[in-house]
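> the sequence and its predicted three-dimensional model are supplied below.
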Amino acid sequence: ATLVLVCVMECFHARRKRKREEEERRGWRRGREVGEEIQQGIPASLMYFVGGPYCVMFAVLGVFVVGQQQQQQEEQVDGDGYDIYYRNLGYFAYLCIESYGSISVAAFWAFANASLDLKSAKRHYGVIISFAQVGAIVGATTATAASYVPGGVRTLFCVASVAIGIMMFIMSIYGVFYPQPLRNPSQSVV
């Protein structure tokens, strides 16, 4: 999944680069002189494209898990069609969780590398990585304790959906306050 995201991002970057080179050959670039440098980065809306579908998928999975829990309470499922259905639902949930973990991390670091200059990166990356580690510990602890919480897995899917929505909201605020990358063209992170 991460490889697909990297390939898609590379495709968009190559198209944008070809278009920019063609505009430079014509002698204009988006109404500006050729000598001016236009700073472009990955927009904060990237998190909408990554987070939006997963927010919906986790909410839908929470609804399906509620149906499964109600079905188990009403009658004992002993290996018929329902068993296969819910086994496949478990595989789909696993696919969604793991792909979101890979794709969202890759998208975040692509956005961070495109948005920060070297000085800002040195100053902030340690804090970012520290919070990521705390999040990993809290997430693993929460998943382990889900069997003791009323609602169990359903509650986790709802919390994940809300957390992704909060992340998209925070990124939209960031996009308003910092519409251009904080990049000095002579210094780059990568």
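That came through fine. Residues are numbered from 1 along each chain as shown.

> look up how far Gly135 lies from the spatially most central residue of the chain.
Residue closest to the mean C-alpha point of the chain, counted by CA atoms, centre = their mean, is Ser104 at 2.8 Å. Using CB to CB, to the nearest Å, we find Ser104 at a distance of 11 Å from Gly135. C-beta here means a position set from N, CA and C on the backbone, and glycine is covered the same way.

> same thing with Met171?
In terms of CB to CB, Met171 sits 16 Å off from Gly135.

> same check, this time on Tyr148
From Tyr148 to Gly135 the distance is 21 Å (CB to CB).

> these two: which is more packed in?
Under the neighbour definition other CB atoms under 10 Å, Tyr148 and Gly135 were set side by side, and Gly135 has more, 11 against 7.

> for the longest helix along the chain, buried residues please.
Longest helix in the chain, counting residues (DSSP state H): helix 81-115. Within helix 81-115, the residues that count as buried by 16 or more other CB atoms under 10 Å are 86, 93, 96-97, 99-100, 103-104, 106-108, 110-115.

> just how off-centre is it within its chain?
In terms of CA atoms, centre = their mean, to the nearest Å, the centre of helix 81-115 is set 10 Å apart from its chain centre.

> packing partners of it?
helix 2-26, helix 46-74, helix 118-144 (3 or more CB pairs under 8 Å, 6 or more residues apart in numbering; DSSP states H and E).

> pick the most deeply packed of those helices.
Mean neighbours per residue, mean count of other CB atoms under 10 Å, is largest over the helices and strands packed on helix 81-115 for helix 46-74, with a mean of 16.

> where does Gly165 sit, in terms of helix or strand?
helix 153-177 (DSSP states H and E).

> surely Pro43 meets Tyr174?
No - using CB atoms under 8 Å, Pro43 is not in contact with Tyr174, being 10.5 Å away.

> quick one: low-confidence residue ranges for the chain.
By pLDDT under 70, the low-scoring segments of the chain are 1-9, 13, 23-41, 66-82, 181-190.

> out of the helices and strands packed on helix 81-115, which comes closest to Ile166?
helix 46-74 (9.7 Å; CB to CB).

> can you tell me how far Val105 sits from Leu89?
For Val105 relative to Leu89 (CB to CB), the value is 25 Å.
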